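Asks: Pasting the sequence and the predicted model now:
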Amino acid sequence: MGKRTIIPFGPQHPVLPEPIHLDLVVEDETVVDVIPSIGYIHRGLEKLCETKDYNKMVYVIERICGICSFGHGWGACASIEGAMDVKVPARAEYLRTILHELSRIHSHLLWLGLLADAFGFESLFNHCWRVRETVLDLFEKNTGGRVIFSICKVGGMRKDISDENLKEMVDVLNGIKAEIKKLTDVFINDASVQNRMVGVGVLTKEEAEELCAVGPVTRGSGVYQDIRMTDDHGVYGELDFEPCVEEGGDCMARTVVRIRELFQSIELIEKAVAKIPAGPVEVKVSGNVNGEHMVRLEQPRGEAFYYAKGAGTKFLKRMRVRTPTNMNIPALVQMLKGCDLADVPILVLTIDPCISCTER
């Protein structure tokens, strides 16, 4: 048995997009145990519900994360709408679903670029982010923002998106399919990438279920789970799709799940645009929040949980958000046990961590 050493990793590291600290217990070059620590960037956003009314809280919750901002805004609105028993128009539900899937494309392309950067493939990183710019252009044209969109509101959407713009969105996305396929083929087929990811950081199906992993992390371990399949999640029930599931449980499997979801999201947007009904995109909402309600959304990183509780005034008594990274940290600890020290940065990235989401 080699001598055990504790190596601090983070909270700042060249390949970590956000601060997380890991105490790595190492024997020679093998990680045998991991102790995670968070809390370096806590912002107290949930507490603001006591001083900002429920309409303003949507703006606050959107800022939990820039990459998942639309989903956070949707989750905040849906939980408040449930507490107030507000029914959103059908066209608004379709628009929310379309923009949510566009956010998934944006998030997965950004993540693929970060993964390429982690194992030193800088040209691949640049090309992933170049294609991502096209998606951001679509957001800017249809919402006015590239990171924070502020288009979701309690009662529906702040503005409509014309049918012409929606059809253009589909055309643009179909136009970049070939480029996305070229990029993703490199992740799947390049020998140097395979050497860094195949068989690395295996999380079994049983471990994923026991540790309650979510999103591409759990689907990459063969778990058939996707919150979009539930009845109360947008209009996904009308779009006929199956979750992208891989059996390998390693870094490559989690990568392939996200790659498959890129093409799936384009197809879902195309189906939603073809079916979107005409009509209003909002209903007038006034009054106080008296009830409580919980919703679950499938964010790009996995299942997110939103809970709103009224105080009988325009202010909420409680606004609670549980994000995917929060749930995937225990799975990350399990993946890291037994890996080589050099593989730690890549393994951390394969859960697509958002520590800003975690520290609300």
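Replies: Perfect, I can see it now.

Asks: residue closest to the middle of the chain?
Replies: Nearest to the geometric centre of the chain sits Pro300, at 2.7 Å (Cα atoms, centre = their mean).

Asks: who touches it in this structure?
Replies: By Cβ atoms under 8 Å, 6 or more residues apart in numbering, the residues touching Pro300 are Ile67, Cys68, Gly71, Ser103, Arg104, Ser107, His108, Trp111, Gly215, Asp352. Every residue, glycine included, has its C-beta placed from N, CA and C.

Asks: burial count for Gly201?
Replies: Gly201: 27 surrounding residues under other Cβ atoms under 10 Å.

Asks: Is it in a helix, a strand, or coil?
Replies: Under DSSP: H, G, I helix; E, B strand; the rest coil, Gly201 falls in the coil class.

Asks: just checking, it touches Gln334?
Replies: No: applying Cβ atoms under 8 Å, one finds Gly201 not in contact with Gln334, separated by 9.1 Å.

Asks: quick one: the strands in the stretch 201-350 of the chain?
Replies: Shown for the stretch 201-350 of the chain, the strands assigned by DSSP state E, counting those that start in this stretch span residues 292-299, 302-310, 316-322.

Asks: ok, now the stretch 1-150 of the chain?
Replies: Using DSSP E, counting those that start in this stretch, strands in the stretch 1-150 of the chain cover 4-9, 21-27, 30-37.

Asks: could the ones you listed go into TSV alongside mean neighbour count and distance to Val257?
Replies: As requested, these are exported to TSV (neighbours: other Cβ atoms under 10 Å; distance: least, Cβ to Cβ, whole Å):
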stretch	mean neighbour count	distance to Val257
strand 4-9	12	25
strand 21-27	17	24
strand 30-37	16	23
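
Asks: Distance to Val193 and mean pLDDT for these - can I get that in JSON lines?
Replies: Output for these, formatted as JSON lines (distance: least, Cβ to Cβ, whole Å; pLDDT from 0 to 100):
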{"stretch": "strand 4-9", "distance to Val193": "23", "mean pLDDT": "90"}
{"stretch": "strand 21-27", "distance to Val193": "24", "mean pLDDT": "92"}
{"stretch": "strand 30-37", "distance to Val193": "21", "mean pLDDT": "92"}
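
Asks: before we move on, the earlier item: show me the contacts of Pro300 that map onto helices.
Replies: Judged by DSSP state H, the contacts of Pro300 include Gly71, Ser103, Arg104, Ser107, His108, Trp111 as members of helices.

Asks: And these, which is closest to Val25?
Replies: Distance to Val25 across those (Cβ to Cβ) is lowest for Trp111, with 27.8 Å.
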